[in-house]
Structure formats: structure tokens, C-alpha cells
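[1] build me a structure from this.
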Amino acid sequence: STDKCFRLGLFEVDFSRVSSMARRFAELQVAYHLVENEMDEGDILVLDRTLQTSYTNESKYSEKLFQSANDRGIIVSGLAKTNRLYTTTGMGLLEAVQMIAKNVNYDRWYILLAESTSKDHNAAIFIVKLNPLSEYVFRYEILYDQYSKLSEEALNEIFWKVSENSADLCFPGYPYGLITADMFARVRADEVDTYRTILLSELSKNERFEKFLR
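    Next up is the predicted model:
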């Protein structure tokens, strides 16, 4: 409860933030399972997030995923819908690039924004527009260790493949695989009690269960 990565200002961590981090770790573990068991060399893994790790122990999961993907020749990337980067004028970076891009004749494009080689954020960072009908641009990252070895042709191929998967009319410009993953991951209101019962059943096996309920 005192971990500085989870704290909000001077307050100790909110339990809901801990549970969201459990989901974040689980996503990396599922991605690792896919790389190890379901994907082939040359495939592209697109995570619904950036490749930056910010929380205690998160790197244990990400490093295992990245190493496995490197060994198997699978590209690791991430797409983020939201953005916390700003220009010197205070405008959001994505909005600023999108405004400038209105004067560009290309109907889909990518721009290399930065290359980060820090331990917790080893990524080439792009801003992309993936469909002519899209009203949005997104932040897209590729694991830097892989990006640094890509030819321009291979890089274009990656963005072309992701663009092909971003043509669904319900959200043009956003990869359909991420739309589907979000749809299946959501817990509907009529499912809450079922999952709560399953969770409490598992927690009851822990000797601290009674304390947890209080």
C-alpha cells in the first residue's frame, strides 16, 4: 500500500488501482502465451497499450515477452488510444500532428516521433493514421531492438498489414483485433455476480480471507 508507483500524491494506494495492475500483468502474460504457442515467425503482435513499463514487477512480465518474441522472430508493437505527451504550447501532441497533417495529401501515414532505449521504455515511437476514413491518429510503438534491425521495406510492410486490419466501419483506423479483444474482455452487468462468486471462492482458500472481507 506504500509502493510509490501506485500512490496518488500523498495518499496510499487505492485498491482498485492494484486490481487494474493485476489485469495489466495478466495481459502481458497472455501475450507471452500467444507468442510461445500460437504465433509464427514474421507475425505482428499488437498490444492495446504502449511498450513502457511503469509499475513495480511489471518488467518481469514484459522482458519475458520481449525475449521470447525476439527469439521467435515475432514483432512486438503497441497502439495507444490516449496520449499524455504535449507540445510546448500545451496542445496534445497527437492533436498537433493531426492538425498539421491536414495539409498532407497522403490518406494514411506514419511519422517516427522518437527512439527510446531506456530500460523501462525500449521502443521506437510513431504517430500513425491507419485509414483514410479515420478521424483519429494514434501513438504506435515497435520494440526498439527489433525496429533497429528493420529495413524501410519491412517497416512499411508492418504498417501496411496493421492498416489492412484497421478497415472496420465501426471504428475505421483502429485495428479490428483490438476491437474484438475489448468486446470479449468486457464484463457485462449480468455477469458481475458470476465472476464475483468465482473470485470469492478462490480467495476463500487463502488464510487471510476473513481479513480481506473486512
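
[2] tell me where the model's unsure across the chain.
    In the predicted model, the chain carries pLDDT under 70 at residues 1-17, 214.

[3] strands of that one, residue ranges please.
    44-47, 75-80, 109-118, 121-129, 138-143 (DSSP state E).

[4] would you turn those strands into JSON lines with distance to S54 and mean neighbour count?
    Every residue, glycine included, has its C-beta placed from N, CA and C. Shown next, in JSON lines, are the strands of the chain (distance: least, Cβ to Cβ, whole Å; neighbours: other Cβ atoms under 10 Å):
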{"stretch": "strand 44-47", "distance to S54": "14", "mean neighbour count": "19"}
{"stretch": "strand 75-80", "distance to S54": "13", "mean neighbour count": "22"}
{"stretch": "strand 109-118", "distance to S54": "12", "mean neighbour count": "14"}
{"stretch": "strand 121-129", "distance to S54": "9", "mean neighbour count": "22"}
{"stretch": "strand 138-143", "distance to S54": "14", "mean neighbour count": "23"}
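
[5] to E164, which of those lies closest?
    Nearest to E164 among the strands of the chain is strand 44-47 (11.0 Å), distances taken as Cβ to Cβ.

[6] give me the contact list for that closest one.
    Contacting residues not belonging to strand 44-47 are listed as 27, 31, 34-35, 39, 69, 74-79, 158, 161-162, 175, 177-178 [Cβ atoms under 8 Å, 6 or more residues apart in numbering].

[7] can you say which of the residues you listed are buried?
    Among the contacts of strand 44-47, those buried by neighbour count (16 or more other Cβ atoms under 10 Å) are 27, 31, 35, 39, 69, 74-79, 158, 161-162, 175, 177-178.

[8] in helices, which of these fall?
    Counting by DSSP state H, the buried ones among the contacts of strand 44-47 place 27, 31, 35, 69, 158, 161-162, 177-178 in helices.

[9] circling back: can you put the strands of the chain in JSON lines and add distance to S62?
    As requested, those are arranged in JSON lines below (distance: least, Cβ to Cβ, whole Å):
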{"stretch": "strand 44-47", "distance to S62": "10"}
{"stretch": "strand 75-80", "distance to S62": "9"}
{"stretch": "strand 109-118", "distance to S62": "13"}
{"stretch": "strand 121-129", "distance to S62": "9"}
{"stretch": "strand 138-143", "distance to S62": "10"}
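
[10] which of the ones you listed sits closest to K60?
    Of all the strands of the chain, it is strand 121-129 that lies closest to K60, at 14.9 Å by Cβ to Cβ.

[11] partner strands of that closest one and their direction?
    strand 109-118 (antiparallel), strand 138-143 (antiparallel) (DSSP bridges).

[12] give me the contacts around the longest one.
    Read that as strand 109-118. Outside of strand 109-118, the residues that reach it under the criterion Cβ under 8 Å, 6+ apart are 93, 97, 101, 122-129, 139-140, 144, 147, 159.

[13] measure stretch 82-98 end to end?
    Stretch 82-98 has its terminal residues 14 Å apart, counting by Cα to Cα, to the nearest Å.

[14] number of residues surrounding A154?
    Residues lying near A154 (other Cβ atoms under 10 Å) number 13.

[15] start the count at 26, not 1, going forward
    Right, with 26 as the first residue, what we last looked at is A179.

[16] measure it to D68 for me?
    Plainly put, A179 is 13 Å away from D68 if you go by Cβ to Cβ, to the nearest Å.

[17] got the contact list for the most centrally placed residue in the chain?
    Ranked by distance to the mean C-alpha position of the chain (Cα atoms, centre = their mean), the top residue is R74 at 1.6 Å. Taking Cβ under 8 Å, 6+ apart, we find R74 in contact with 49, 52, 103-105.
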